[in-house]
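Asks: here are the coordinates; sequence isn't available:
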């Protein structure tokens, strides 16, 4: 990508450069593809909500820059007992919410109890190992039912962000949900301690963040972050309109740029086209059950046929026609490269038509076998994928037919097993492999992403990894799970995609993390 800063300066030359004052102030105008509905840590369940939580709320721990560990956030320090069943956290002194009120240990207890309440939060299971949370001043003790190797990662995850107990208890409404909605609608400072607070909101049209003057993190100039006075979000669902708004100078950034437009924007001298590494993978679950939903024999139940589909798919060609080259083939069968413990099995089913033909012959697949690919109606990417796979698999004797449905119907078919193959995708919500591996491979979670695939060794390893406190031993278990999954091929393993964001060249310091979170803490806009 262009506009990268060269790192070739010598130390002497760098020291000779004048010290530049940190630029502060101004509002960054950001064009979004969809609007937020409710940015509450425990209720956010859509990416447009989840990815905004970190701007308004802080967590006890923060993910490290490389994504492979955690570091202190609101916590000054943290430790795990030798038996792995107790986490002790010390809060930083002087932390305040955006309205200037002090944060206490009681706010932490209140927030974590909300987050682990299954009657309130769809994310409660991520904290299922917690038995109790207590506070003694700034000392927080989290007692676990059993050792949990994921607990530190979970304490750095959006759903465990700390909210003000006083603000919640004072809010209008009979239920927690009512109070949360009332706080969100009020668009005023107080409930969170993030770098910004929600100061304006018009459903489906716009949203505004204002700088939290009480934020605890400091910038390079020794003053509290953020550098910006605020961020204004315009909701512009149409891709072309978002791009036109950026090029016209009406906004400073536009997200979810179509990959077909990336090269064009890279060539624009007024645009800094960024492809941020992500944990987003695109794959297609394959029904592995012996029979289809209608009771007929399922040709995809034979592992050799599933392997043949993978060998017979030219992933590089798919990346070319769908992503216009802005992606890479999956190298782990279960997760993106940016995920902890991702194995590099590249090439994962490298294109080999001869191998694919040999496998379907061994399996005795009849020529002209019908296989249905269920896609999203109206999705240009899905339409392109179907056309490409139909052509690629024809030499294998497979007659690929399309079934176009809406998102809800596709999800229902996945859960019921009424499909042959369907398009799908994933972005991690937590900085730990347990979530994606549980979803894609562990049978009790979601029938191995609806495929019906079940492997006793895999399930046992997953359960063992859930209590394995030795990082190396845990990594070895995930490595074996990836080997088993790759061989069984319950998915068509396709590709990883980056997050494509186009910025004005006046913008610096904005980041989108591999989990998708939009980070404005250190962003600046030069007018």
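Replies: That came through fine. Keep in mind that what you see is a predicted model, and the values were worked out from it rather than measured.
Asks: tell me which residues of stretch 24-41 are tucked away?
Replies: 26-33, 35-37, 39-41 (16 or more other C-beta atoms under 10 Å). From N, CA and C alone the C-beta is placed, and that goes for glycine too.
Asks: what about the nearest residue to residue 453 once chain neighbours are set aside, distance to residue 305?
Replies: Sequence neighbours aside, residue 490 is the residue nearest to residue 453 in space, at 3.8 Å (criterion: C-beta to C-beta, 6 or more residues apart in numbering). Distance, residue 490 to residue 305, by C-beta to C-beta, to the nearest Å: 12 Å.
Asks: Make sure residue 463 is indeed in a helix.
Replies: Yes - the assignment for residue 463 (DSSP: H, G, I helix; E, B strand; the rest coil) places it in a helix.
Asks: returning to that earlier point: how many neighbours does the residue nearest to residue 453 have?
Replies: 25 (other C-beta atoms under 10 Å).
Asks: One more: the one 5 residues further on?
Replies: Taking other C-beta under 10 Å as the neighbour definition, residue 495 ends up with a count of 21.
Asks: A helix includes residue 246, no?
Replies: Yes - under three-state DSSP, residue 246 sits within a helix.
Asks: List the contacts of it.
Replies: Contacts for residue 246 (C-beta atoms under 8 Å, 6 or more residues apart in numbering) come out as 31, 252-254, 271, 502, 504.
Asks: Now, the residues you listed that are in helices?
Replies: When those are checked against helices (DSSP state H), there are no matches.
Asks: Considering those residues, which possesses the most neighbours?
Replies: Ranked by neighbour count (other C-beta under 10 Å), the contacts of residue 246 have residue 254 at the top, with 29 neighbours.
Asks: can I assume that one is in contact with residue 247?
Replies: No - the pair residue 254 and residue 247 fails to qualify as a contact (C-beta atoms under 8 Å) at a distance of 9.1 Å.
Asks: Could you report the pLDDT at residue 69?
Replies: Confidence at residue 69, expressed as pLDDT, is 81.
Asks: What is the neighbour count of it?
Replies: Neighbour tally, residue 69, other C-beta under 10 Å: 15.
Asks: ditto for residue 491
Replies: Neighbours around residue 491, by other C-beta under 10 Å: 28.
Asks: Helix or strand for the residue lying closest to residue 88 once chain neighbours are set aside, just tell me which one.
Replies: Using C-beta to C-beta, 6+ apart and skipping residues adjacent in sequence, the residue nearest residue 88 is residue 79, 5.2 Å away. Using DSSP states H and E, the element containing residue 79 is strand 75-80.
Asks: Adjacent strands (with direction) for that strand?
Replies: Applying DSSP bridges to the sheet, strand 75-80 is found paired with strand 86-91 (antiparallel).
Asks: so how far is the partner strand from its chain's centroid?
Replies: 27 Å (C-alpha atoms, centre = their mean, to the nearest Å).
Asks: any idea of the mean pLDDT for that strand?
Replies: In this model, strand 86-91 has an average pLDDT of 97.
Asks: buried ones in it?
Replies: Buried residues in strand 86-91 (16+ other C-beta under 10 Å): 87, 89-91.
Asks: same question, stretch 99-107
Replies: 99, 101, 103-105, 107.
Asks: Output these in CSV; the columns should cover pLDDT and secondary structure.
Replies: Shown next, in CSV, are these (pLDDT from 0 to 100; DSSP: H, G, I helix; E, B strand; the rest coil):
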residue, pLDDT, secondary structure
99, 96, coil
101, 97, coil
103, 97, coil
104, 97, coil
105, 97, helix
107, 98, helix
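Asks: With respect to residue 243, which of these is nearest?
Replies: Closest approach to residue 243 among the buried residues of stretch 99-107 (C-beta to C-beta): residue 99, at 37.9 Å.
Asks: Provide a list of residues in contact with residue 420.
Replies: By C-beta under 8 Å, 6+ apart, the neighbours of residue 420 are 286-287, 292, 298, 300, 371-374.
Asks: gap between it and residue 452?
Replies: With C-beta to C-beta as the criterion, residue 420 and residue 452 are 12 Å apart.
Asks: Return every residue with contacts to both of those two.
Replies: Both residue 420 and residue 452 are contacted by residue 287, under the criterion C-beta under 8 Å, 6+ apart.
Asks: so where's this structure shaky on pLDDT?
Replies: 1-20, 66-67 (pLDDT under 70).
Asks: tell me which residues in the longest helix seen in it are buried?
Replies: The longest helix of the chain (DSSP H) is helix 471-488. Buried residues in helix 471-488, counted by 16+ other C-beta under 10 Å: 474-475, 477-478, 481-482, 485-486, 488.
Asks: And that helix, what does it pack against?
Replies: With contacts taken as 3 or more C-beta pairs under 8 Å, 6 or more residues apart in numbering; DSSP states H and E, helix 471-488 sits against helix 303-311, helix 433-440, helix 456-465.
Asks: could you redo those helices as CSV and give each row distance to residue 169?
Replies: What follows is the helices and strands packed on helix 471-488, written out as CSV (distance: least, C-beta to C-beta, whole Å):
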stretch, distance to residue 169
helix 303-311, 54
helix 433-440, 32
helix 456-465, 39
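Asks: So which of the ones you listed is nearest residue 404?
Replies: helix 303-311 (20.2 Å).
Asks: out of the contacts of residue 420, who's nearest residue 389?
Replies: The closest of those, once distances to residue 389 are taken by C-beta to C-beta, is residue 373, at 6.5 Å.
Asks: If you count contacts, what does the helix or strand harbouring the closest one end up packed against?
Replies: Element membership for residue 373 (DSSP H and E) is strand 369-376. Packing partners of strand 369-376 (3+ C-beta pairs under 8 Å, 6+ apart): helix 380-393, strand 398-405, helix 407-416, strand 421-422.
Asks: let's see 10 Å
Replies: Applying 3 or more C-beta pairs under 10 Å, 6 or more residues apart in numbering; DSSP states H and E, one finds that strand 369-376 contacts strand 271-285, helix 303-311, helix 380-393, strand 398-405, helix 407-416, strand 421-422.
Asks: what angle separates that strand from helix 303-311?
Replies: Interaxial angle, strand 369-376 versus helix 303-311 (axes from the mean of the first three to the mean of the last three C-alpha atoms, to 10 degrees): 60 degrees.
Asks: pretty sure residue 110 contacts residue 191?
Replies: No - in this structure residue 110 lies outside contact range of residue 191 using C-beta atoms under 10 Å: 11.6 Å.
Asks: shared neighbours of those two, which are they?
Replies: Common neighbours of residue 110 and residue 191, using C-beta atoms under 10 Å, 6 or more residues apart in numbering, are 162-166, 168.
Asks: Restricted to helices, list those.
Replies: 165-166, 168.
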